Structures are given as structure tokens and as C-alpha cells.
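1. just a sequence and a predicted model for now, questions to come.
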Amino acid sequence: MSRIDNDNDIGVIGYLLFKKVAINGANTISSPLTYGFPAITGFLGSFHAMSRKMADDEQLSNVSLGGVLLACHDCQPQMYRPNSYNNYTFNQTRNPIRKDGKTASIIEEGKCHLVMSFVVEVLADTKLTTEQQESAVQKTKQWIQQQRMAGGSVRGLARFEPVQFFDSSDISAVIPQLLPAFVLMDAQNEFAQIINDVQKDNSDATPLDALIDVCALHHIPETQKNGDTEWLTTSRKSGHGWLVPMPIGYQGISDRYDAGVMQNVRNPEYPSQYVEAIYSLGKWVYPQRLNRIGGEHDIANAFWRYHYDADDSLYLATQQQDF
């Protein structure tokens, strides 16, 4: 799923809009350290699977899917706390009892319910015919309801025109369709600035310290003129928008093993490698801000794509077209 293909003639010829997709039971634990919105790879993997179905379809065999724009209308993590002073805990499912009548062990998990809209790049070497466009709309509408999405189940789409095809020149017409929602954007530039600010205050601070500082609230006492003390609450991310910590991929921490060497992997037909999560910051942006063509929030920069760096063993989800 990349804008760049080995065949130079293949490019973005249009976009598929999946409008208000209701997802139940998605995995809200996005990494070993973060939770809330599912990991980006959970959505990219679903559309990659859909792209492979297109390759097996006689009418759409010359079509594939590229980057994915993520717009979130609603996100409800399934968690509970008895009062405002307690920590949240995830709601757990009740597993059936064992044959001996005892309670089965519980594998703790975190789930969330989502309402999402997706804009997906359509890649081909020529523009689609009217018949191909209609076929793509009808078949992807069926496929998205048959497969898992970020570990959850798709329960429905928008009532009217749930899947639409837009020509590449009509991308600006997609933006009003995303309202009301927030679009997930990469905030690596803001993160770099925050790291620089944190290291100015503490030269020994690491990027991980800066990431944790973004998630913290600082309560500072301030003495008023009348002698009273007033507590001020500040945050490191103030002035940078709605920032959220999130994983953006994986870093290899071992050699890359040939297919069949590493045991207990999901698919032994492919090479495998031990990895650890890579963290960065994301930013929720209003869709109407994406109208700034050529600016910071150019809609062309809102599509998440896979990027693999063999030299540094990096497996990333990035919005940068020229990494």
C-alpha cells in the first residue's frame, strides 16, 4: 500500500470514500504503552486485505488500494471506574466455564466502539471506466462488512451513499463528506519541537521523557497579591493542537530470519524478525483545515502508507510521500 509502485505508470487515479463505518469491539490497546484509538496498522492491514481481493477480481485486477485517510466521528473505549478518584479499568468479557465447572482464565483485553470514515487512494495505470467504478463501489461495500477492522466487527455504514468513488481531481469534494469528524495527522514536527523544549529545561532528558511529559499535567502553585495560593495547571502540548501519543510502527531488534526459522509466528511462509514499537505523536485536525492545498495540512499529506527501511530495520506507517 504505497503511492509509489515499481511501475512508473501506476498512480492515484481516484479515491474511495467509506462513510461512517460503525465498528464494534475494535482493539483499543494500540501498543504496550498507549490505548484509546486503535493502532494505525489495524486499519491499513484491513484495506491491504481488500486490495488483495481486488487483485483476484477479474474486473478489478488492474486496480489496487494505496494510502488511507482516517477520520474519526466517535470513539468509545469500553472501560469503567467506580468513582472519579479511581483509575479506569477495561471491561472484560465473561468466558464460558470449563468442563470441571470452574471459571476459565481471563486474558485481559481492551475494546472500543468506533464510527469512522475512510478515504482510500485507488491506484491504476489508466482511469477506471464507469462500469469499473460501479463495480469497485459495490464490491468494496460488501468486502468491508465481511472482514475485521482493527480487530473489531463492522456493524454498518452510512444510510445514504455509504461508499463513493471520486476522481483524483475531485478530492476537495471529499472534505465536506467527512464532517463532523477529526482527521488523524502525523505530528512529528511538533514532537521534535517539544523534545527540543524539554531538553532545554533538562539536558539529560530523552525523547521518551518528552513523550511522557506530553501526557502529564503540571500543577504549579502561584501566590496571588492578597497572599492566597492559586494552583495553575499547564501542559507541555499547549499551543500545539490536540496531540495524542501513538505508535507509528516497529524497529527490528534482531536479525531477519528466513521463512520457517522462527517458531510460533502468524505466517511461517515469510521472513520474520523480533521488533519493538516506535512511538511518536499524532494530531487530530478538523477536516476543513485540509483545504489548505500545498500548506501544512494539505489533504495529500493526510494519507497513511506503509514504509519499509531495510537498512535500519524500520517498519513504519507514515504520511510522508517522499520519506
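-> That came through, no problem.
2. quick check, central residue of this protein?
-> Nearest to the mean C-alpha position of the chain, counting by Cα atoms, centre = their mean, stands Ile40 at 2.4 Å.
3. next one: phi and psi at that one?
-> Per-residue torsions, Ile40: phi -60, psi -40 (degrees, to the nearest 10).
4. not counting its neighbours along the chain, what's nearest it?
-> In space, Ile40 comes closest to Ala317 once its chain neighbours are excluded; the distance is 4.4 Å by Cβ to Cβ, 6 or more residues apart in numbering. In short, each C-beta sits where N, CA and C put it, glycine included.
5. would you agree that neighbour falls within a strand?
-> Yes: using DSSP: H, G, I helix; E, B strand; the rest coil, the assignment for Ala317 is a strand.
6. ok, now how distant is it from Tyr15?
-> 19 Å (Cβ to Cβ, to the nearest Å).
7. cool, Gln193 as well?
-> The spacing between Gln193 and Tyr15, counted by Cβ to Cβ, is 32 Å.
8. go on, Pro221?
-> For Pro221, the distance to Tyr15 (Cβ to Cβ) stands at 52 Å.
9. okay, now the residue nearest to Ile40: neighbour count?
-> For Ala317, the number of neighbouring residues by other Cβ atoms under 10 Å comes to 24.
10. ok, it to Leu44 distance?
-> Look at Ala317 and Leu44: by Cβ to Cβ, they are 6 Å apart.
11. and the residue of the chain most remote from its centre, what pLDDT?
-> Among residues of the chain, the one most distant from the C-alpha centroid is Asn226; the distance is 49.7 Å, by Cα atoms, centre = their mean. As predicted, Asn226 sits at a pLDDT of 82.
12. again, but for Gly295
-> The predicted structure scores Gly295 at 58 on the pLDDT scale.
13. pull the number of nearby residues for Thr93.
-> Thr93 sits with 10 neighbouring residues when counted by other Cβ under 10 Å.
14. angles on the backbone of it, please.
-> phi -80, psi 150.
15. residue contacts, it?
-> The neighbourhood of Thr93, defined by Cβ atoms under 8 Å, 6 or more residues apart in numbering, consists of 106, 109.
16. would you mind measuring from it to Val115?
-> Plainly put, Thr93 is 22 Å away from Val115 if you go by Cβ to Cβ.
17. repeat for Leu157
-> The gap separating Leu157 from Val115 is 10 Å, by Cβ to Cβ.
18. one more: Val122?
-> When distance is defined by Cβ to Cβ, Val122 is 23 Å away from Val115.
19. between those two, point out the one with more neighbours.
-> With other Cβ under 10 Å as the criterion, Val122 and Val115 differ in neighbour count, and Val122 comes out ahead with 27 against 19.
20. excluding its backbone neighbours, what's nearest that one?
-> In this structure, Val122 finds its nearest non-sequential neighbour in Gly14, 4.4 Å apart by Cβ to Cβ, 6+ apart.
21. what of Phe90?
-> Of all residues beyond its chain neighbours, the one nearest Phe90 is Gly110 (4.2 Å), with distances taken as Cβ to Cβ, 6+ apart.
22. show the pLDDT at that neighbour.
-> The score at Gly110 is 91. That number is its pLDDT.
23. which residues in the stretch 101-250 of the chain form helices?
-> Counting by DSSP state H, counting those that start in this stretch, the stretch 101-250 of the chain forms helices over residues 130-144, 188-201, 207-214, given from the N-terminal end onward.
24. related to what we said a few turns ago, measure the residue farthest from the centre of the chain to Pro180 for me?
-> The separation that Asn226 has from Pro180, given Cβ to Cβ, amounts to 44 Å.
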